[in-house]
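Novice: please work out how this folds:
(one chain, ligands or ions: 1)
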Amino acid sequence: MKKVNFTETVLRDANQSLIATRLAFSDFEGILSEIDKANFYSVECWGGATFDSCLRFLDEDPWERLRKIRKAMPNTKLQMLLRGQNLLGYKHYPDDIVRMFVKKSVENGIDIIRIFDALNDLRNIEVAVDETLKCGAHAQGAISYTQSPIHSLENYAKLGKEMENMGVNSICVKDMAGIMGPNEAYELIKALKETVSVPVSLHTHSTTGLAPMTYLKAAEAGCDIIDTAISSFSGGTSQPATESLCYALSTLGYETGLDMKQLKVINDFFKPVKDKFLKSGKLNPYVLGTDTNALNYQIPGGMLSNLVSQLTQMNQLDKLDKVLLETPKVREDLGYPPLVTPMSQMVGVQATTNVLTGERYKNVSKEVVSYLRGEYGRAPGKVNEELRKKILGDEKPIECRYADTLEPAFDKMKAEVGELAESDEDVLSYAAFPQVAEKFFIKRKEARQNVVSYSIRKVEE
Ligand code: CO
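Specialist: You can find the predicted model right below:
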């Protein structure tokens, strides 16, 4: 019987796509031992935006969260998402930081690292892949999937082959916008399976409503692993429901390894958690619906919810349709980058600025300037020359891998953060998000002092 493996995303991507990564450790601590019994191929639980969110919003040490998950789930492969040379942030880090980050992620409990580059410039994932393999962990190379006049089956198959040659243990096709339909999935997975011998995984989102059909056709084409979310955190901008896919695939004769009863236990736990976020307004019912706009605009789930919340804050939600129309134009100007972090933010902000100022490229973010300089890597297609001239004048974009221009920085960061950092992990948090991490360290120190003075008082009393 053909097996389809499941990666459960409730702790990372579902959390990130539906509630802007606001799940606190205490929101899911009580179910980890049950998730551990469900026989998932892996549980995606770290990386992506979880790291930033822990430090910025949840007052949690992301490394400590990982260690606690590891301890509570000794039998399950823990998976993280890493943006290649960007790690979890929005800029390129020097190689020594990338290597140290990967090493510490594995040391603290990660088994599988899914590594991608927004532009599919493989020079930007090679160091992270190399270090993952050196640490004895599973390196999963991820292809950022998009559709454009310049992206073809042949290109994707070639990317897969290059990743396999790089030594990756598996290959993921990452459709962050949920735009891949069943037919595209069948053709693409088939092409990859004919080209590479490592397992192939497919990641998509329910945004456009295509995802369950897409997964079924992918399974038919021999897809080895799919990403799903437990049903109360599924649908909309998240992944399709684990239980539904498990049911459908089982009845179609596939082995899933999952037990529906155990999935129910997990889902029963998350139902009231979902209700809590609905009540507080952090889960906007809007993102749970099906939005076929993405089929035209190719807006990924996370980006769509970000645009909605930004425009709402600025009292400009009525401009959403205009921004959605402007987005693909900006993307074309930039040479069709896939809309994945940090490109999704860059394109989204630029499209919003173009609409709100009423003049295209009147204001250009420093990220777009860096992109045009080649600091993010090679654009997949041709960049609008007129735009480049307007912004850069006669300056030519760089040809080399941008990280090659960066000096090693770990020791410098360590000296800079000083005694606030209590471990190398802290130094990495600081290197990734300096201001946010520093604030977190100070709060952590104060909280401890409060606990100390509280217990002294108690003794005195
Ligand atoms: Co995703």
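
Novice: which residues of this structure lie near the ion?
Specialist: Applying the criterion CB under 5 Å from the ion, the portion of the chain that neighbours the ion consists of 13, 176. C-beta here means a position set from N, CA and C on the backbone, and glycine is covered the same way.

Novice: quick one, strands of this structure?
Specialist: 5-8, 42-47, 78-82, 112-116, 138-144, 170-174, 200-203, 225-228 (DSSP state E).

Novice: as a markdown table, those with mean neighbour count would be great.
Specialist: Formatted as a markdown table, the entries for those read as follows, by neighbours: other CB atoms under 10 Å:
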| stretch | mean neighbour count |
| --- | --- |
| strand 5-8 | 24 |
| strand 42-47 | 26 |
| strand 78-82 | 26 |
| strand 112-116 | 28 |
| strand 138-144 | 26 |
| strand 170-174 | 24 |
| strand 200-203 | 26 |
| strand 225-228 | 27 |
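
Novice: residue 260: which of the ones you listed is closest?
Specialist: In this view, these are compared for proximity to residue 260 by CB to CB, and strand 5-8 is the closest at 12.2 Å.

Novice: quick one on the thing from earlier: the strands of the chain into CSV, with extra columns for mean pLDDT?
Specialist: Output for the strands of the chain, formatted as CSV (pLDDT from 0 to 100):
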stretch, mean pLDDT
strand 5-8, 98
strand 42-47, 98
strand 78-82, 98
strand 112-116, 98
strand 138-144, 97
strand 170-174, 98
strand 200-203, 98
strand 225-228, 98
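
Novice: let me have the ones you listed in TSV, extended by distance to residue 292.
Specialist: What follows is the strands of the chain, written out as TSV (distance: least, CB to CB, whole Å):
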stretch	distance to residue 292
strand 5-8	26
strand 42-47	26
strand 78-82	26
strand 112-116	25
strand 138-144	22
strand 170-174	21
strand 200-203	20
strand 225-228	21
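
Novice: can you pull the contacts of residue 176?
Specialist: With contacts defined as CB atoms under 8 Å, 6 or more residues apart in numbering, residue 176 is in contact with 144-145, 203, 205, 300-302, 338-340, 344.

Novice: make that residue 1, sorry
Specialist: So, once contact is read as CB under 8 Å, 6+ apart, residue 1 ends up touching 253-255.

Novice: same thing with residue 2?
Specialist: Taking CB under 8 Å, 6+ apart, we find residue 2 in contact with 219, 222, 253-255.

Novice: in ChimeraX, select just the buried ones from the residues you listed.
Specialist: What follows is the ChimeraX syntax for the buried subset of these, where burial is set by 16 or more other CB atoms under 10 Å:
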select :219,222,254
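
Novice: nearest to residue 56, of the contacts of residue 2?
Specialist: Distance ranking of the contacts of residue 2 against residue 56, using CB to CB, places residue 219 first at 37.8 Å.

Novice: contacting residues around the spatially closest residue to residue 262 that is not a sequence neighbour?
Specialist: With sequence-adjacent residues excluded and distances taken as CB to CB, 6 or more residues apart in numbering, residue 262 is closest to residue 38, at 4.6 Å. With contacts taken as CB under 8 Å, 6+ apart, residue 38 has the following neighbours: 8, 76, 258-259, 262-263, 266.

Novice: do residue 354 as well
Specialist: Here residue 354 is in contact with 326, 330, 360-362 (criterion: CB under 8 Å, 6+ apart).

Novice: repeat that for 7 Å
Specialist: By CB atoms under 7 Å, 6 or more residues apart in numbering, residue 354 lies in contact with 326, 330, 360-361.

Novice: also residue 204?
Specialist: Counting by CB under 7 Å, 6+ apart, residue 204 has contacts 175, 178, 180, 211, 214.

Novice: look up how far residue 173 lies from it.
Specialist: For residue 204, the distance to residue 173 equals 8 Å [CB to CB, to the nearest Å].

Novice: now list whatever residues contact both of those two.
Specialist: Going by CB under 7 Å, 6+ apart, no residue sits against residue 204 while also sitting against residue 173.

Novice: the residue nearest to residue 52 when sequence neighbours are not counted and residue 426, how far apart?
Specialist: Take residue 52 and drop its neighbours on the chain: the residue closest to it by CB to CB, 6+ apart is residue 433, 5.9 Å away. The span separating residue 433 from residue 426 equals 12 Å under the rule CB to CB.
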